[in-house]
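**Student:** Sequence first, then the predicted structure, then my questions.
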Amino acid sequence: AQSVTQPDIHITVSEGASLELRCNYSYGATPYLFWYVQSPGQGLQLLLKYFSGDTLVQGIKGFEAEFKRSQSSFNLRKPSVHWSDAAEYFCAVAGNNDMRFGAGTRLTVKP
Amino acid sequence: NAGVTQTPKFQVLKTGQSMTLQCAQDMNHNSMYWYRQDPGMGLRLIYYSASEGTTDKGEVPNGYNVSRLNKREFSLRLESAAPSQTSVYFCASSTSGGNQPQHFGDGTRLSIL
């Protein structure tokens, strides 16, 4: 079965700084990859997805992610973080039938 | 636009009590899912329903049962609650299949004493 590792449990960045959240996956075939964001007390909201084609995908709220097959990675980036980006971020990988989530990375934004 | 609606939002149970968590979606999605979220473990799939009339076990099904009542509704039942089932439960839906983007409800926070 597929699996996901998010190496960073908690990251703190200053407002206006750039952000990169790491995600590594394990799956035998070409995966379907996702990033979700969760604000406190809320469900998960889809930021972006990769199915095939261009390996750099754009999402909502100014986020982008790059699929690197050679590194089994799908890192999430944002050039300039806003205070409202403080949340928990989940990477997910899907095969044919189900989706597996990473443990999440909590992002704190300093003023 | 309601999307995925879960009830209740909060619940406290005693060990051994039973409870059904309700979920309904208004997006005409075929597939529905139940997850639990525990600190440091992300979301783990309990059960899913690929289409109306079918249900399958996920990663952590023990202690739970599900019913896909119709295309809109997918309920999760705890027959005899245990403290280990204290968690936040999320329902989700997708157009068809587990590899499609999923839409989530706001969760049910369940505490079992």
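**Tutor:** Arrived safely, thanks for sending. Residues are numbered from 1 along each chain as shown, chains lettered A, B, ... in the order given.
**Student:** burial count for the closest residue to chain A within chain B?
**Tutor:** Using CB to the nearest CB, B:Phe104 is the residue of chain B that sits closest to chain A, at 3.3 Å. The C-beta positions use only the backbone N, C-alpha and C, and glycine is treated the same way. Other residues near B:Phe104 number 22, with proximity taken as other CB atoms under 10 Å in any protein chain shown.
**Student:** thought it was touching B:Thr5?
**Tutor:** No. B:Phe104 is not in contact with B:Thr5 according to CB atoms under 8 Å; the separation is 11.0 Å.
**Student:** Enumerate every residue touching the residue of chain B closest to chain A.
**Tutor:** The contact partners of B:Phe104, by CB atoms under 8 Å, 6 or more residues apart in numbering or on different chains, come to A:36, A:43-45, B:4, B:90-92.
**Student:** list the contacts for the residue nearest to it when sequence neighbours are not counted?
**Tutor:** Excluding the flanking residues, the one nearest B:Phe104 by CB to CB, 6 or more residues apart in numbering or on different chains is A:Gly43, at 3.3 Å. When contacts are counted by CB under 8 Å, 6+ apart, A:Gly43 touches B:4, B:90, B:92, B:104-107.
**Student:** any idea of the pLDDT on A:Gly43?
**Tutor:** Note on A:Gly43: pLDDT of 91.
**Student:** how close does it sit to B:Ala92?
**Tutor:** Distance, A:Gly43 to B:Ala92, by CB to CB, to the nearest Å: 8 Å.
**Student:** Now the common contact residues for these two.
**Tutor:** In contact with both A:Gly43 and B:Ala92: B:4, B:104-105, using CB under 8 Å, 6+ apart.
**Student:** Quick check: of those residues, which lies closest to B:Thr86?
**Tutor:** Ranked by distance to B:Thr86 (CB to CB), those are led by B:Gly105 at 18.6 Å.
**Student:** Go ahead and confirm that closest one touches B:Cys91.
**Tutor:** Yes. Counting by CB under 8 Å, B:Cys91 is a contact partner of B:Gly105 at 4.7 Å.
**Student:** quick one on the thing from earlier: now render the contacts of B:Phe104 as CSV, adding secondary structure.
**Tutor:** Shown next, in CSV, are these (DSSP: H, G, I helix; E, B strand; the rest coil):
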residue, secondary structure
A:Tyr36, strand
A:Gly43, coil
A:Leu44, strand
A:Gln45, strand
B:Val4, strand
B:Phe90, strand
B:Cys91, strand
B:Ala92, strand
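**Student:** Of those, just say which sits nearest to A:Phe51.
**Tutor:** For the contacts of B:Phe104, the closest approach to A:Phe51 (CB to CB) belongs to A:Tyr36, at 15.5 Å.
**Student:** Contacts only, for the closest one.
**Tutor:** So A:Tyr36 contacts A:44-47, A:89-90, A:92, A:101, B:104 (CB under 8 Å, 6+ apart).
**Student:** out of those, who has the most neighbours?
**Tutor:** A:Leu44 leads those on contacts (other CB under 10 Å) with 28 neighbours.
**Student:** any idea how far the residue of chain A found nearest chain B is from B:Gln37?
**Tutor:** Proximity of chain A to chain B (CB to the nearest CB) peaks at A:Gly43, 3.3 Å away. Using CB to CB, we find A:Gly43 at a distance of 10 Å from B:Gln37.
**Student:** what sits in contact with each of these two?
**Tutor:** Listed as contacting both A:Gly43 and B:Gln37 by CB under 8 Å, 6+ apart are B:90, B:107.
**Student:** which other residues reach stretch B:62-77?
**Tutor:** By CB under 8 Å, 6+ apart, stretch B:62-77 touches B:18-26, B:28, B:30, B:32-34, B:46-47, B:49, B:52-55, B:78-80, B:82, B:84-85, B:89, B:91, B:93.
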